[in-house]
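Asker: Predicted model and sequence follow; I will ask about them next.
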Amino acid sequence: MENEMLTDQAEYLEVGIHIGTKTKTPGMKKFIYKVREDGLYLLDVQTIDGRIRDAVKMLAAYNPESIAVTASRVYATAAAAKFAEIIGAKFLQGRVMPGIMTNPNRKDFIEPSIIFVSDTRNERQAIREASKISIPVVALSDTDNWVKFVDLIIPCNNRGRRSLALIYFLVAREFQKEKGIIKSNSEFNYNVSDFEAKVEMKAK
């Protein structure tokens with residue numbers, strides 16, 4: 001079916017993929033479905049699913065080794081690292097240093113063709129680097145995220161452990177299908193739990 005989701009809507013809702021923050025930025029306003037009674041903005045699940053599909057097609061247009069994936073938060077790091085490992089992309093953990101994509105004299109210099117960002121707030125330097133060398137940026141963006149220079153936004157809860165695990169699981173699986181590595185979901189030899197951080201962050 002053309003309109004069939006990548007996973008059950010119930011699973012999307014269960015992991016809280018649609019639950020945003022109490023803040024919205026101008027660039028994220030159009031993705032907000034409604035406001036909950038407690039003030040949290042909610043994102044549209046159908047839109048999230050569609051944007052994941054769009055991101056997969058965009059990423060799959062490139063060789064895996066030319067894709068750079070960034071992550072700075074603990075939950076995102078686990079999910080993004082597993083994703084990069086599975087598809088064969090370059091993984092950049094933590095703070096992206098100025099010049100890593102623009103200064104060939106750096107020992108850690110890389111030349112990606114596209115970057116996949118987990119959090120536009122914490123990984124803003126990666127986006128700046130990408131904009132300087134005119135490469136596309138795909139980013140997971142919550143309702144309070146800054147989205148300047150982002151070419152494709154996946155609106156989502158990009159802070160939750162289970163939400164991030166499901167997102168990266170789906171992108172990895174669909175990427176392999178798009179590349180022809182696997183033909184069906186059953187051939188993907190990973191579970192969502194494989195992308196989940198094994199540590200629990202304490203609420204402040």
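Answerer: Perfect, thanks for sending it.

Asker: tell me which strands and helices the helix ranked longest in the chain is in contact with?
Answerer: With residue count as the measure and DSSP state H as the assignment, the chain has helix 161-178 as its longest helix. When contacts are defined as 3 or more C-beta pairs under 8 Å, 6 or more residues apart in numbering; DSSP states H and E, helix 161-178 sits against helix 9-14, helix 45-59, helix 74-87. Every C-beta, even on glycine, is put in place using the N, C-alpha and C of the backbone.

Asker: Which residues does the second one contact?
Answerer: What it means is helix 45-59. 5-6, 9, 12-13, 17-18, 31, 67, 114, 116, 136, 138, 151-156, 167, 170-171, 174-175, 178 (C-beta atoms under 8 Å, 6 or more residues apart in numbering).

Asker: So which bits of that helix are buried?
Answerer: Neighbour counts using 16 or more other C-beta atoms under 10 Å place Val45, Thr47, Ile48, Asp49, Arg51, Ile52, Arg53, Ala55, Val56, Leu59 of helix 45-59 among the buried residues.

Asker: nearest to Glu187, of those?
Answerer: The shortest approach to Glu187 among those belongs to Val56, at 16.0 Å (C-beta to C-beta).

Asker: Model confidence score at the closest one, please.
Answerer: The score at Val56 is 98. That number is its pLDDT.

Asker: For it, which non-adjacent residue is spatially closest?
Answerer: Once its chain neighbours are removed from consideration, Val56 has its nearest residue in Glu174; the separation is 4.2 Å (C-beta to C-beta, 6 or more residues apart in numbering).

Asker: okay, now the one you found: neighbour count?
Answerer: Applying other C-beta atoms under 10 Å, we find 21 residues neighbouring Glu174.

Asker: Please look at it and Leu6 and confirm they touch.
Answerer: Yes - in this structure, Glu174 is within contact of Leu6 by C-beta atoms under 8 Å, at 6.6 Å.
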